[in-house]
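J.: Attaching a predicted model along with its sequence, questions to come.
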Amino acid sequence: MERLAHSDMADELAKLACSKRTWLGAFGSGRNKRPDYEIETRNRELAVLEQATADYRRAAERISA
């Protein structure tokens, strides 16, 4: 498998982060609220994905500059 470009990695990570946000919106509170440990795990995963997205975007900008 070929390595993805940094910008492509950033795009894919952003999609995964969007999915986590959607999950948190649906299950983070209210009638369908999941257990706190699941919400904490998804929040942590979201933070990791957002940080990785930002890192890959910066790397893509450095390479293209």
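T.: Sure thing, it's come through. Residues are numbered from 1 along each chain as shown.

J.: where does residue 42 land in three-state SS?
T.: helix (DSSP: H, G, I helix; E, B strand; the rest coil).

J.: ok, now how distant is it from residue 31?
T.: Going from residue 42 to residue 31 by Cβ to Cβ, to the nearest Å gives 18 Å. Any C-beta I mention is one placed from the backbone N, CA and C, and that applies to glycine too.

J.: now swap in residue 37 and tell me
T.: 19 Å.

J.: the more surrounded of these two?
T.: Looking at residue 37 and residue 31 with other Cβ atoms under 10 Å, you find the greater number of neighbours at residue 37, namely 8 against 5.

J.: by contact count, what packs against the helix or strand in which the more buried one is found?
T.: Element membership for residue 37, per DSSP states H and E: helix 36-64. If you count contacts as 3 or more Cβ pairs under 8 Å, 6 or more residues apart in numbering; DSSP states H and E, helix 36-64 packs onto helix 6-27.

J.: Now the helix it packs on - C-alpha only, CSV.
T.: Output of helix 6-27 as CSV, limited to C-alpha atoms (Å, rounded to 0.1, in the frame of the first residue of the first chain):
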residue,chain,number,x,y,z
HIS,A,6,0.1,14.5,4.6
SER,A,7,-2.8,16.5,3.3
ASP,A,8,-4.7,13.3,2.6
MET,A,9,-4.0,12.0,6.1
ALA,A,10,-5.3,15.3,7.6
ASP,A,11,-8.5,15.0,5.5
GLU,A,12,-9.1,11.4,6.6
LEU,A,13,-8.4,12.1,10.2
ALA,A,14,-10.8,15.1,10.1
LYS,A,15,-13.5,12.7,8.8
LEU,A,16,-12.9,10.4,11.8
ALA,A,17,-13.1,13.4,14.1
CYS,A,18,-16.4,14.4,12.6
SER,A,19,-17.7,10.9,13.2
LYS,A,20,-16.7,11.1,16.9
ARG,A,21,-18.4,14.5,17.2
THR,A,22,-21.6,13.0,15.7
TRP,A,23,-21.4,10.1,18.1
LEU,A,24,-20.9,12.5,21.1
GLY,A,25,-23.9,14.6,19.9
ALA,A,26,-26.1,11.5,19.7
PHE,A,27,-25.0,9.7,22.8
